[in-house]
Each structure stands twice: as C-alpha cells, then as structure tokens.
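Predicted model and sequence below, questions to follow.
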Amino acid sequence: MINFSAALTAEFLHRSARGTTNNKNKSETTRGDFFVRFNQLEQIVTAVHARAFWRGYVDCSPFILIVIPYSMLFGVVALYAGLDIIQTMATTVLVITGAAQFTALALLQEQAPVFVVLLAALTVNLSTRALMSCQGAT
C-alpha cells in the first residue's frame, strides 16, 4: 500500500516543477503563487480521492453478488416475522453481520427481552470479528 502523503507530495512536486518556468527568485514568492499552488494541491487531492474511491468500488464489487440476495432474503423474512419497513431498515443498519441479523430476528419472534436480543447480536458480531482478526482480515 502506498503512503498517501508521500504519493500526494510527489504528485504535487511533479506538477509544480512541470508548471513553473518563471524567472523569479525563490524568495520572491507572492501570495498569488501560494493560492495557485494551494488550488493545484486541492485538485490533486480530489483526483487521488476519486481514484481511491473507484479502486475500492472495483475491489468490492464481487461482494454485491452476495449482499443483494442476502439482504433481500433478510427483508422478506423480517417482513414475514412482523417487522415494519422502518424496523427492518434499522436492524439492517445497526446490526453488523448477517448472522446476527437473523439471530436477533429469531429472538424477537420468540418475544425475547430486548437485552437478550442485543446481547446475542453483540456476541455473534464479536465472534465474527474475532474470527476475521485470526485470519488477518482486520
């Protein structure tokens, strides 16, 4: 993985060296030059962030093949269990792993206390996190 600040600095210096061919003395930099360079730096940061976003999008796109059917299944099961759309969306947003979603849903169907549901969901989430950290996927 590239060091972000080193890559940004190298890109900025490369663009600065390419774009400056004036005969001014190094000590005679004006405020206008500073703002021009700051604007260039801002454009570079935006470009680097856009590239990072699209790279992440491409790297994560295979997971869509799993996420879409799994989320559709959870939505159908949650509606069948009696949760309305807001409760279903809240469960999806607040509960991290899919297994914990189904665990919490089964406990809610059995009229378990909310504390037990939260504790079970937390336990499943933590066990999944522990398994991922053992595999080095943190």
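Everything's here; your move. Numbers count the residues shown, from 1 in each chain.

show me where pLDDT drops low in this protein?
Scanning the chain for pLDDT under 70 picks out 1-36, 38, 41, 135-138.

Helices along that one, start to end?
Ranges of helices in the chain, per DSSP state H, are 4-19, 31-60, 64-81, 85-94, 98-109, 114-134.

Residue 55: neighbour count?
The local packing of residue 55 (other CB atoms under 10 Å) involves 10 other residues. C-beta coordinates here come from the backbone N, C-alpha and C atoms, glycine included.

and it, how far is that from residue 99?
Plainly put, residue 55 is 29 Å away from residue 99 if you go by CB to CB, to the nearest Å.

go on, residue 45?
Residue 45 sits 39 Å away from residue 99, going by CB to CB.

before we move on, the earlier item: return the most buried member of the helices of the chain.
helix 98-109 (a mean of 18; mean count of other CB atoms under 10 Å).

and residue 95, backbone torsions?
phi -100, psi 130 (degrees, to the nearest 10).

what about it, how many neighbours?
Residue 95 has 22 neighbouring residues, counting by other CB under 10 Å.
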